[in-house]
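Student: The amino acid sequence is not available; the structure is as follows:
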């Protein structure tokens, strides 16, 4: 077991302090399309004193902001502590696709969890886009929300068969899904690259950073106290609760929610070792002229491929083409890192040959060994949710609600609690996965 801590238990000694390696230096959002076009929100203060709370939430992404909003609306005294600023991590850098499903088919989920729990879990996950768009409407979050659907595009006979099976399985559960033949997908996407696929009309697109900032503003307005540039670098058992210490102050909390996902570090022993942080890279064009907008994704859907290495693309509300895929394992891009992605965009849409790319950026994605998000009860009153495997907008919003319900002793039976299982030899997992990424990318090209 990593870090010498038994699964799901508190530190061995009440005097033991859980510590991060060192506080992170404050810095702003990386230059990305989303940072450049996000709705303006006044900065939150930095914690400069000692405070008390019923629940402390660590992390200001979708999970943490969703949890803080749920708690505050129910009158729970809540403090949220964000190391940098809300949406700094994956919540401000993803592709903006709201996808209400796991990567697994419904029958595979049933095999893992059993038919009874699987059905309630699938109902919760299937309704995750409803939750996202209802929060946007309720709190008037200006994030360019469009519920036009999500397309999974197929390039081979086996992928077409997979698409047909997924449509059948989701239709049995009442989902608004349908198969697409070659003509239908060409009409929706504007490219002849694909032989068919399927569309999930429950899904949609948003400006991801604006959505996260909107959740943060809504949570603050409901009574939660949000602090940015307030990294929790130690966590001590304190009486029946916990003491969370930041560079400028501390919070005494009865219960704690850890919501740091791909940016999880050593604060809780073993939690970082339960996920593999990989990177996605994205680029965005300049706003397309109106004739091009009518040709490329004219219905406003987002698209993801079904290959081993997924490529995804959409238009933002200003008509820029945004396209992304798996990236190199580092937080800063080099010029060559985006060259093939830009070439892929122009291969899909040759009419982009003279269109400039204005933005390029990268961010971390938390992958789990079973490709499912995990909810952990790490100790009495300490909960964590992480591992969205590239589908974080809908999944993290639901997870935040589930964590909040557990923190106020109202367990959400729709999302199962699993024991923390740090990966053995975790340090070696990322290079192995990167090797597999290169191998799978080659297999996709050959296919």
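Tutor: In hand now; what should we look at? The structure displayed is predicted, hence computed values, not measured ones.
Student: where does this structure have low pLDDT?
Tutor: In the predicted model of the chain, residues 1-28, 412-413, 425-447 satisfy pLDDT under 70.
Student: Walk me through the domains of it.
Tutor: Using automatic domain parsing, the domain ranges for the chain come out as 2-94+209-275+369-433, 148-205+277-367.
Student: Quick one: the strands in the stretch 151-300 of the chain, in order.
Tutor: With strands called from DSSP state E, counting those that start in this stretch, the stretch 151-300 of the chain shows them at 177-180, 196-200, 204-205, 225-227, 234-238, 241-245, 250-258, 276-285.
Student: Tabulate these in CSV, adding columns for mean neighbour count and distance to residue 371.
Tutor: In this view, the C-beta of every residue, glycine as well, is placed from N, C-alpha and C. Shown next, in CSV, are the strands of the stretch 151-300 of the chain (neighbours: other CB atoms under 10 Å; distance: least, CB to CB, whole Å):
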stretch, mean neighbour count, distance to residue 371
strand 177-180, 20, 20
strand 196-200, 24, 18
strand 204-205, 27, 23
strand 225-227, 22, 31
strand 234-238, 18, 29
strand 241-245, 21, 31
strand 250-258, 23, 21
strand 276-285, 22, 11
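Student: In this structure, which residue is most central in space?
Tutor: By CA atoms, centre = their mean, the chain has its centre lying nearest to residue 392, at 2.1 Å.
Student: got the contact list for that residue?
Tutor: By CB atoms under 8 Å, 6 or more residues apart in numbering, the contact list for residue 392 reads 61-62, 90-91, 94, 261, 365.
Student: what about residue 231, how many residues close to it?
Tutor: Using other CB atoms under 10 Å, residue 231 has 24 other residues around it.
Student: Skipping its backbone neighbours, what lies nearest it in space?
Tutor: The shortest distance from residue 231 to any residue other than its chain neighbours is 3.6 Å, reached at residue 83 (CB to CB, 6 or more residues apart in numbering).
Student: Can I take it that that neighbour is in a helix?
Tutor: No: counting by DSSP: H, G, I helix; E, B strand; the rest coil, residue 83 falls outside a helix, being coil.
Student: doesn't residue 244 make contact with it?
Tutor: No: Residue 83 is beyond contact range of residue 244, at 12.0 Å (criterion: CB atoms under 8 Å).
Student: Give the residues shared as contacts by the two.
Tutor: Shared contacts of residue 83 and residue 244 (CB under 8 Å, 6+ apart): residue 232.
Student: Is residue 212 in contact with residue 92, as I believe?
Tutor: Yes: under the criterion of CB under 8 Å, residue 212 makes contact with residue 92 at 6.0 Å.
Student: Ok, which of the domains of the chain comes nearest residue 135?
Tutor: Of all those, domain 2-94+209-275+369-433 sits nearest to residue 135, with 6.9 Å by CB to CB.
Student: That closest one: how far from the chain's middle?
Tutor: 13 Å (CA atoms, centre = their mean, to the nearest Å).
Student: Helices along this protein, start to end?
Tutor: Secondary structure of the chain (DSSP state H): helices located at 33-37, 62-73, 106-113, 115-126, 128-138, 157-171, 182-189, 208-221, 290-295, 339-348, 392-407, 429-446.
Student: phi, psi of the spatially closest residue to residue 344 that is not a sequence neighbour?
Tutor: Sequence neighbours aside, residue 311 is the residue nearest to residue 344 in space, at 6.4 Å (criterion: CB to CB, 6+ apart). Here is the backbone geometry of residue 311 (degrees, to the nearest 10): phi -110, psi 140.
Student: quick one: residue 311 from residue 304, how far?
Tutor: 7 Å (CB to CB, to the nearest Å).
Student: out of those two, which sits in the more crowded spot?
Tutor: residue 304 (22 against 18).
Student: Name whatever forms a beta bridge with that one.
Tutor: Counting by DSSP bridges, residue 304 forms beta bridges with residue 152, residue 312.
Student: That one and residue 247: what is the separation?
Tutor: In terms of CB to CB, residue 304 sits 40 Å off from residue 247.
Student: Equivalent analysis for residue 336, please.
Tutor: Residue 336 sits at a distance of 37 Å from residue 247 (criterion: CB to CB).
Student: Tell me which of these two has more neighbours.
Tutor: Counted by other CB under 10 Å, residue 336 and residue 247 do not tie: residue 247 has more neighbours, with 15 against 8.
Student: Look up phi and psi at the more buried one.
Tutor: phi -60, psi -30.
Student: these two touch, right, it and residue 233?
Tutor: Yes: taking CB under 8 Å as the definition, residue 247 is a contact partner of residue 233 at 7.1 Å.
Student: follow-up on the earlier one: tell me the contacts of the residue nearest to residue 344?
Tutor: Per CB under 8 Å, 6+ apart, neighbours of residue 311: 304-305, 323-325, 344.
Student: Closest one to residue 254 out of those residues, please.
Tutor: Nearest to residue 254 among the contacts of residue 311: residue 324, at 40.2 Å, using CB to CB.
Student: residue contacts, the closest one?
Tutor: Counting by CB under 8 Å, 6+ apart, residue 324 makes contact with 95, 280-283, 311-313, 341.
Student: Then residue 337?
Tutor: Counting by CB under 8 Å, 6+ apart, residue 337 has contacts 281, 327-328, 360, 362.
Student: Which two of those residues have the greatest separation?
Tutor: So, these by CB to CB: farthest apart are 328 and 360, at 12.3 Å.
Student: between those two, who's got more neighbours?
Tutor: Between residue 328 and residue 360, counting by other CB under 10 Å, residue 360 is the more crowded of the two (21 against 16).
Student: Could you measure from the more buried one over to residue 345?
Tutor: 12 Å.
Student: Likewise for residue 205?
Tutor: Taking CB to CB, one finds residue 205 at 17 Å from residue 345.
Student: again, but for residue 355
Tutor: Separation of residue 355 from residue 345 (CB to CB): 9 Å.
Student: which neighbours do those two share?
Tutor: Common contact partners of residue 355 and residue 345 (CB under 8 Å, 6+ apart): 285, 321.
Student: Between residue 360 and residue 345, which contacts overlap?
Tutor: residue 283.
Student: how far does stretch 288-302 sit from the chain's center?
Tutor: How far stretch 288-302 lies from its chain's middle: 26 Å, per CA atoms, centre = their mean.
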